[in-house]
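Engineer: 3D, please:
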Amino acid sequence: MLDVTVIEDPEAAAVSLDPVRARLLAELAGAPASAAMLAGRVGLPRQKVNYHLKALERHGLVELAGERRKGNVTERLMRATAASYVISPAALPAVQPDPDRFRDQFSARWLLALGARLVRDVGMLISGAATARKRLATYALDGEVRFASAADRAAFVQELTAGVSALIRKYDAPDEDGGRDHRIVVAVHPTVKDESRSPVEDQPTLGS
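Structural biologist: Numbering: from 1, shown residues only. The predicted model follows:
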């Protein structure tokens, strides 16, 4: 079972968003189970659960984990193909965000568009790497910092921009035939922790 996988197909996305099927996915991410076992957990007849499982299986969201005999019946034990799922913007191709339509480093909506493109692109790369049976070269850095003031945050962003830009100038080799292009995305946003406190509290208005 994969830790996380990206859903790119529109029909698969629709199937996963059904409340009953989403519940079944959550149950099967924990451990394999049969339709009869799941029926008691979700409060539905076994036949209805089996119908939903077949829909999930058709779209690659669940798979056969094994079989077992129970009396005169052979039960199929199903499991989720991943512990969690992300729906790619590729599932809505006509309206997926395009960060190239506008650029605003201080816009939360532009950050959202960048994040959406990241999900789409990495999902496609994972699919391609799996087909080619090759490893995908990626890197991610995640951390938290508490700024004493809005001024410190602005200074941090300025130094971060200068530092990353210097690294790009140092290592960029646009004329190297054997090279490969890589996209760099750096984001800074308030940490979401306490719902009782607004994430925009004490922050200057930078964009939306």
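Engineer: longest helix in this structure, by number of residues?
Structural biologist: Secondary structure of the chain per DSSP state H: the longest helix is helix 108-132.
Engineer: gap between the residue nearest the centre of the chain and Arg21?
Structural biologist: In the chain, the residue lying closest to the centroid (C-alpha atoms, centre = their mean) is Val86, at 3.6 Å. Separation of Val86 from Arg21 (C-beta to C-beta, to the nearest Å) stands at 16 Å. All C-beta atoms are positioned from the backbone trio N, CA, C, and that covers glycine.
Engineer: what helix or strand is the residue nearest to the centre of the chain located in?
Structural biologist: Using DSSP states H and E, Val86 maps to strand 85-87.
Engineer: please name every helix or strand in contact with that strand.
Structural biologist: The contact analysis (3 or more C-beta pairs under 8 Å, 6 or more residues apart in numbering; DSSP states H and E) places strand 85-87 against strand 5-7, helix 10-17.
Engineer: try it again with 6 Å
Structural biologist: Where contact means 3 or more C-beta pairs under 6 Å, 6 or more residues apart in numbering; DSSP states H and E, strand 85-87 is packed against strand 5-7.
Engineer: partners of the strand it packs on, with directions?
Structural biologist: Paired strands of strand 5-7, with direction, are strand 85-87 (parallel) (DSSP bridges).
Engineer: touching the strand it pairs with from outside, list them.
Structural biologist: Thr5, Val6, Ile7, Ala13, Ser16, Val119 (C-beta atoms under 6 Å, 6 or more residues apart in numbering).
Engineer: give me the low-pLDDT residue ranges for this protein?
Structural biologist: Along the chain, the model assigns pLDDT under 70 to residues 194-208.
Engineer: that one: strands as residue ranges?
Structural biologist: For the chain, strands defined by DSSP state E occupy the ranges 5-7, 62-70, 73-80, 85-87.
Engineer: same list, those strands, but as a markdown table with distance to Lys170 please.
Structural biologist: Listed next are the strands of the chain as a markdown table, based on distance: least, C-beta to C-beta, whole Å:
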| stretch | distance to Lys170 |
| --- | --- |
| strand 5-7 | 32 |
| strand 62-70 | 46 |
| strand 73-80 | 44 |
| strand 85-87 | 33 |
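Engineer: from these, which stretch is densest packed?
Structural biologist: strand 5-7 (a mean of 21; mean count of other C-beta atoms under 10 Å).
Engineer: how far does that one sit from its chain's centre?
Structural biologist: 7 Å (C-alpha atoms, centre = their mean, to the nearest Å).
Engineer: tell me the domain ranges of this protein?
Structural biologist: With automatic domain parsing as the criterion, the domains of the chain are listed as 5-85, 99-208.
Engineer: okay then, goodbye and thanks.
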